[in-house]
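Colleague: kindly generate the corresponding structure for this input.
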Amino acid sequence: MTAALLLSSALGAGLWLLVMAQPLGQPRPELVTRLRRLSAQGRIEADERASAVGSPMFSSVLLERVLRPLLDDAGEQIGRLLRRAGIEAGDLDRRLELGWPGMSAPQFRGQQLATGAVAFAAFPAMNLLGVHPLGVWPVWVWLGAFGAGFAAPSWQLNGRLRARRAAVLAELPVTLDLFVIAASAGLSPEQALVEAGRQLGGVLGAELRDVAREAGLGTAGYAEGLQALAEREGIAELRSLADAWRLSHAQGLPLAPAMLALSETVRDRRRARLVEEGGKAEVRMLFPVALFIFPVFLVVLLYPAGVALLGLGK
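Modeller: Below you'll find the predicted structure:
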């Protein structure tokens with residue numbers, strides 16, 4: 001009885017720590033921090049501090065001070081082992097910056113370890129508590145649960161990156177149309193970029209505003225900012241946008257025709273991508289049809305014939 005209580009308490013504590021690590025359980029920033037982020041310099045300083053320290057993992061200050069260093073150190077060690085084994089390519093920081101802002105690599109690895117440990121401890125705890133409807137949970141199920149729990153944050157990060165890429169591709173044709181309208185109205189390439197970033201409200205609009213902000217502060221030029229944005233996102237259409245904008249700015253070429261041609265190309269690629277996804281969906285639909293619908297259909301057709309042949313209906 002004592003062992004069951006201890007294991008159930010450990011499981012409850014692990015689940016509570018896991019819930020507190022999610023965004024809903026994290027504390028809200030102070031008013032001073034929120035006011036400081038209203039200025040450009042304040043946002044730059046806050047982003048640098050967040051990338052160096054990482055966002056809070058626990059809502060409790062005590063747990064943040066006690067468990068956060070342990071998880072960060074464990075995550076750092078796990079990252080070193082994965083890099084030595086060749087499993088991690090070394091681009092985790094860039095992927096976290098895009099898909100999970102405020103999350104550092106050691107914190108991410110620590111979260112992986114925590115979720116894996118909680119998933120691993122759930123099955124032996126259920127064995128001790130007598131919760132095993134299909135029999136005693138074997139050790140390989142414990143290890144599989146640990147692997148699934150360890151990989152869960154990676155799956156979540158990949159989902160965030162896919163959603164971000166889809167959002168950028170969806171906003172890109174509208175962005176190019178804004179460039180065309182602004183250039184046709186007589187605005188310079190710099191003014192067209194600023195106006196496009198001001199009118200857009202999605203992921204790409206925020207990135208264009210960051211490019212304009214850094215250019216205004218003298219941190220990087222417009223061309224360098226667009227090129228860095230294209231390299232960071234890894235989207236070929238953004239590279240074409242950066243190259244067209246740089247040629248228009250450097251050689252004095254009109255911006256509107258290049259952006260209009262690029263907009264048509266992006267829309268054609270998007271239509272081709274939708275057709276390709278539709279073809280894949282047709283193939284994926286075959287599996288539920290073959291597994292669930294087709295056997296029932298055969299039973300409905302063959303049962304009356306079988307009854308008639310065997311003479312069971314007489």
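Colleague: for the top helix by length along the chain, the distance to its chain's centre please.
Modeller: Looking across the chain with DSSP state H, the single longest helix is helix 139-184. The chain centroid and the centroid of helix 139-184 are separated by 4 Å, computed with C-alpha atoms, centre = their mean, to the nearest Å.
Colleague: any buried residues in the helix or strand following it, and which?
Modeller: Downstream of helix 139-184, the next assigned helix or strand under DSSP states H and E is helix 189-199. By 16 or more other C-beta atoms under 10 Å, the buried positions in helix 189-199 come out as 189-190, 192-197. For the C-beta atoms, the positions are set from N, CA and C on the backbone; glycine is no exception.
Colleague: same question for stretch 261-268.
Modeller: Buried-residue list, stretch 261-268, by 16+ other C-beta under 10 Å: 262-263, 266.
Colleague: dead centre of this protein: give me the residue that sits there.
Modeller: Arg160 (1.5 Å; C-alpha atoms, centre = their mean).
Colleague: residues contacting the closest residue to that one other than its chain neighbours?
Modeller: Leaving aside its sequence neighbours, Arg160 sits nearest to Gly99 (C-beta to C-beta, 6 or more residues apart in numbering; 3.7 Å). Gly99 makes contacts with 157-158, 160-161, 164, as judged by C-beta atoms under 8 Å, 6 or more residues apart in numbering.
Colleague: quick check: Gly99 vs Ala114, distance?
Modeller: 19 Å (C-beta to C-beta, to the nearest Å).
Colleague: kindly report the same for Asp93.
Modeller: In terms of C-beta to C-beta, Asp93 sits 20 Å off from Ala114.
Colleague: ok, His132 touching Ala125?
Modeller: No. Counting by C-beta atoms under 8 Å, His132 sits too far from Ala125 to count as a contact (10.9 Å).
Colleague: more crowded one of the two?
Modeller: Each of His132 and Ala125 has its neighbours counted (other C-beta atoms under 10 Å); Ala125 has more, 21 against 12.
Colleague: report the secondary structure state of that one.
Modeller: Secondary structure assignment for Ala125 (DSSP: H, G, I helix; E, B strand; the rest coil): helix.
Colleague: about what we covered before: output the buried residues of helix 189-199 as CSV; include the columns distance to Leu286 and pLDDT.
Modeller: Output for the buried residues of helix 189-199, formatted as CSV (distance: C-beta to C-beta, whole Å; pLDDT from 0 to 100):
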residue, distance to Leu286, pLDDT
Pro189, 50, 80
Glu190, 52, 82
Ala192, 48, 83
Leu193, 47, 83
Val194, 50, 84
Glu195, 48, 86
Ala196, 43, 85
Gly197, 45, 84
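Colleague: quickly note the distance from Phe297 to Tyr303.
Modeller: 11 Å.
Colleague: run through the residues that contact Leu302.
Modeller: Per C-beta under 8 Å, 6+ apart, neighbours of Leu302: none.
Colleague: again, but for Gly202
Modeller: 167, 170-171.
Colleague: quick one, phi psi at it?
Modeller: The phi/psi pair for Gly202 (degrees, to the nearest 10) reads phi -100, psi -160.
Colleague: tell me the confidence at it?
Modeller: Looking at Gly202, its pLDDT is 81.
Colleague: likewise for the one 4 residues further on?
Modeller: At Ala206 the predicted local confidence, pLDDT, stands at 86.
Colleague: element containing Ala220, please.
Modeller: Counting by DSSP H and E, Ala220 is found in no helix or strand.
Colleague: helix or strand for the closest residue to it other than its chain neighbours, which one?
Modeller: Distances taken as C-beta to C-beta, 6+ apart place Glu214 nearest to Ala220, at 5.0 Å, with adjacent residues excluded. Using DSSP H and E, Glu214 maps to helix 203-217.
Colleague: picking that back up, what distance do you get for the residue nearest to Arg160 to Trp245?
Modeller: 26 Å.
Colleague: any regions of the stretch 151-300 of the chain where pLDDT drops low?
Modeller: Along the stretch 151-300 of the chain, segments meeting pLDDT under 70 are nowhere present.
Colleague: what of the stretch 1-150 of the chain?
Modeller: Within the stretch 1-150 of the chain, the set of residues satisfying pLDDT under 70 comprises 1-66, 68, 86-90.
Colleague: can you map out the helices along it?
Modeller: 2-20, 31-36, 40-53, 61-85, 92-99, 105-129, 139-184 (DSSP state H, counting those that start in this stretch).
Colleague: got the domain ranges for this structure?
Modeller: Here the domain parsing of the chain from automatic domain parsing is 2-112, 170-268.
Colleague: and the shortest one, how far from the chain's centre?
Modeller: From the chain centre to the centre of domain 170-268 is a distance of 24 Å (C-alpha atoms, centre = their mean).
Colleague: whichever of the contacts of Gly99 end up buried, select them in ChimeraX.
Modeller: Buried residues among these (16+ other C-beta under 10 Å), as a ChimeraX selection:
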select :157,160,161,164
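Colleague: alright, calling it a day.
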